[in-house]
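>>> what's the 3D shape of this:
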Amino acid sequence: MPSCPHCHTNGVGHWRKWFSGPGFPAACRHCGGLSYVPVGRSADILLLATLCLLGSGLLAALLDSGWPLLLGLLAGLATYIRRWQRSELIVTDQASTQKTQGRHAIINAIALLLASLFS
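Here you go, the predicted model:
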């Protein structure tokens, strides 16, 4: 279990850490402190795993074999899991979370309005 940046105990679950963000932080089971993985870090992890999969797919197509794709899938998955385990949590509070959720609500309303206008 990942350690909480507030109380430094293993109180944040792996799934909560993986799905955390500034608008939806992970809460510690022991102290209730809020924390999240920065959006840039989670995007880097996803990009690296995707590039690994795409590179192995290209190699599989060039070699006309499925083995590079299978090995690339396993390497991408291992990279993805390992990077998420090693990523650090950033401390946040309830006020910052509510502010971020408010911004997301406004952006979603604008996107919904634009989608309804152009469809």
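>>> quick one: the strands in this protein, in order.
Taking DSSP state E, the strands of the chain run over residues 26-27, 34-36, 90-92.
>>> what mean pLDDT does the shortest one get?
Strand 26-27 shows a mean pLDDT of 88 in the predicted model.
>>> list the strands paired with that strand, with their directions.
Counting by DSSP bridges, the strands paired with strand 26-27 are strand 34-36 (antiparallel).
>>> so what touches the partner strand?
4-6, 12, 20-22, 24-28, 89-94, 97 (C-beta atoms under 8 Å, 6 or more residues apart in numbering). Backbone N, C-alpha and C define where each C-beta goes, glycine included.
>>> list the contacts of the nearest residue to Gly66 once chain neighbours are set aside.
Distance criterion C-beta to C-beta, 6 or more residues apart in numbering; nearest residue to Gly66, sequence neighbours excluded, is Ala60 at 6.0 Å. Contact analysis of Ala60 by C-beta under 8 Å, 6+ apart lists 66-69, 72.
>>> out of those, list just those in helices.
67-69, 72 (DSSP state H).
>>> which among those end up buried?
The neighbour-count test (16 or more other C-beta atoms under 10 Å) marks 68-69, 72 as buried among those.
>>> wait, which of the residues you listed is closest to Gly32?
Nearest to Gly32 among these is Gly72, at 40.7 Å by C-beta to C-beta.
>>> surely that closest one meets Leu58?
No: Gly72 is not in contact with Leu58 according to C-beta atoms under 8 Å; the separation is 9.2 Å.
>>> contacts only, for Cys7.
Contacts of Cys7 (C-beta under 8 Å, 6+ apart): 28, 30-31, 33.
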